[in-house]
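Engineer: Build the 3D model from these lines:
(chains A, B and C)
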Amino acid sequence: MGRQEELLEIYERLNSFFGDLHWWPADDPFEVAVGAILTQNTAWANVEKAIQALRQNRLLTPAALFSVPEDELAGIIRPSGYYHLKARRLKAFVRFLVVEYSGDVDIMKVEDLSRLRDKLLGVNGIGPETADSILLYACQKPVFVGDTYTKRILVRHGMIGNDTDYHSIQALFMDHLQPDVSLFSQFHAVIVNTGKAFCRKEPRCSSCPLAILRA
DNA sequence: CACCAGGCAAGTA
DNA sequence: TACTTGCATGGT
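Structural biologist: I've put the predicted structure just below:
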């Protein structure tokens, strides 16, 4: 079986099992970007607490986040963990958004994909996965988001080695699938759900929709 | 109690 | 270039 068929097989199985997940869980594109930074190496449940706190403080807009002092912001996003670090990263991103795109994600979206990706990667605190999450889920650009779950599942099923880097994992998907925003969005969503539900501890993998694929 | 979570940057050799 | 370490809360 070729790579394309293999990937589509995985997609069909997971998509049938989970159904349409309508990801990313956020009300607007700016909130997507904020969540992408807050969720770095952090459980989503903790991120939700921080997002709620931001909402209650009316800080879920570029202008509001731009104005709030960094130390005050840190205290508000405390439940998400690494809160001093993430306050600095949020401020860096919002400064970038304001300076480059008048604080408007809709203007940022117009930028050419590869140029925008490079510029996002230039912002302190935005690495490959965060950049790609913003590009796909906030900007509707056809990029595949790799993450720890993606890698773990591919490693478990013998499709890649444990030392495979981010770019190679992303290329595995993007070289063999049509660049379709809906496909990439749903694919990443079902992968994360699979990781959460089945792929954390080895014994639980028996009931995983992908269990039959294991060699 | 230990371990982990939808990473990233900075420091070291 | 290749490895190591700091960042931190909350759930299991």
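Engineer: does any part of the top helix by length along chain A sit near DNA strand C?
Structural biologist: Secondary structure assigned by DSSP state H gives helix A:83-101 as the longest helix of chain A. Yes - interface with DNA strand C: helix A:83-101 contributes A:83-86 (Cβ under 7 Å from any atom of the strand). The way it works is simple: take the backbone N, C-alpha and C, and place the C-beta from them, glycine included.
Engineer: for that helix, what is the average pLDDT?
Structural biologist: Averaging pLDDT along helix A:83-101 yields 98.
Engineer: Alpha carbons only: can I get whatever helix or strand comes next after that helix in CSV?
Structural biologist: On the C-terminal side of helix A:83-101, the nearest following helix or strand under DSSP states H and E is helix A:105-108. Output of helix A:105-108 as CSV, limited to C-alpha atoms (Å, rounded to 0.1, in the frame of the first residue of the first chain):
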residue,chain,number,x,y,z
VAL,A,105,-6.2,38.7,11.6
ASP,A,106,-8.4,39.1,8.4
ILE,A,107,-5.6,41.3,7.0
MET,A,108,-2.9,38.9,8.1
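Engineer: Can you give me the distance of the residue nearest to A:V123 when sequence neighbours are not counted to A:Q56?
Structural biologist: Using Cβ to Cβ, 6 or more residues apart in numbering and skipping residues adjacent in sequence, the residue nearest A:V123 is A:F96, 4.9 Å away. According to Cβ to Cβ, to the nearest Å, A:F96 stands 25 Å off from A:Q56.
Engineer: And these two? Which one has more around it.
Structural biologist: A:F96 (18 against 10; other Cβ atoms under 10 Å).
Engineer: Near DNA strand C, which residues of chain A? Just list them.
Structural biologist: Close to DNA strand C, as judged by Cβ under 7 Å from any atom of the strand, chain A has residues A:41-43, A:45-46, A:49, A:78-79, A:81-86.
Engineer: can you name the two of these that are farthest apart?
Structural biologist: Spatial extent of those (Cβ to Cβ) is set by the pair A:A45 and A:H84 at 20.6 Å.
Engineer: Have a look at the two and say which one is more surrounded.
Structural biologist: Taking neighbours as other Cβ under 10 Å, A:A45 and A:H84 compare with A:H84 leading, 14 against 9.
Engineer: mind listing what the more buried one touches?
Structural biologist: Residues counted as contacts of A:H84 (Cβ atoms under 8 Å, 6 or more residues apart in numbering) are A:A74.
Engineer: Would you pull up the residue in chain A closest to DNA strand C?
Structural biologist: For chain A, the residue closest to DNA strand C is A:G81, as judged by Cβ to the nearest atom of the strand, at 2.7 Å.
Engineer: where's the closest residue to that residue other than its chain neighbours, which helix or strand?
Structural biologist: In space, not counting the residues next to it along the chain, A:G81 is nearest to A:T42; the distance is 5.1 Å by Cβ to Cβ, 6+ apart. Using DSSP H and E, A:T42 maps to neither a helix nor a strand.
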